[in-house]
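Peer 1: Here is my input; please provide its structure:
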Amino acid sequence: GNNIWIEFDEYIADNQLNSKILISPTLKNPVTTKFSSKGVRISWKDTLLANTTYIFNLNEGVKDIHEGISCGTYQVVFS
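Peer 2: Below is the predicted model of the structure:
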């Protein structure tokens with residue numbers, strides 16, 4: 001597919017995720033994000049390479065809506 005869904009156990013808010021997210025290996029086109037109450041969908045247009053591990057580092061781009069605490073260096077890794 002061309003997107004991932006990350007679900008949290010707390011209500012979350014955008015903390016400038018589009019400008020903070022780092023992806024390795026780098027994608028040619030920027031990703032888009034869509035937030036809901038407890039989750040975020042990250043979508044991309046590029047075709048991912050076969051037999052490649054991708055790391056999506058959220059870099060404090062998501063925060064708890066009630067306490068304002070960021071998710072820190074939360075990573076999603078998949079291949």
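Peer 1: can you map out the strands along this structure?
Peer 2: 3-7, 12-14, 22-24, 32-35, 39-43, 54-57, 62-64, 75-78 (DSSP state E).
Peer 1: burial count for the residue lying closest to Leu17 once chain neighbours are set aside?
Peer 2: Spatial nearest neighbour of Leu17, excluding adjacent residues (Cβ to Cβ, 6 or more residues apart in numbering): Gly61 at 3.1 Å. To be clear about C-beta, it is placed using only N, CA and C from the backbone, and glycine gets the same treatment. Counted with other Cβ atoms under 10 Å, the neighbours of Gly61 add up to 20.
Peer 1: One more: Asn3?
Peer 2: Each residue near Asn3 was counted by other Cβ under 10 Å, and the total is 12.
Peer 1: Quick check: Ala13 touching His66?
Peer 2: No. Counting by Cβ atoms under 8 Å, Ala13 stays clear of His66, with 9.5 Å between them.
Peer 1: Show me which of those two is the more surrounded one.
Peer 2: More neighbours surround Ala13 than the other of Ala13 and His66, with 15 against 10 (other Cβ under 10 Å).
Peer 1: ok, the more buried one - contacts?
Peer 2: Each residue near Ala13 by Cβ atoms under 8 Å, 6 or more residues apart in numbering is listed here: 35, 62-65.
Peer 1: which of those are buried?
Peer 2: 62-63 (16 or more other Cβ atoms under 10 Å).
Peer 1: Show the pLDDT at Thr73.
Peer 2: With respect to pLDDT, Thr73 has a value of 85.
Peer 1: In this structure it contacts Phe56, no?
Peer 2: No. Taking contacts as Cβ under 8 Å, Thr73 lies outside contact range of Phe56: 11.5 Å.
Peer 1: Those two: who's more crowded?
Peer 2: Phe56 (20 against 10).
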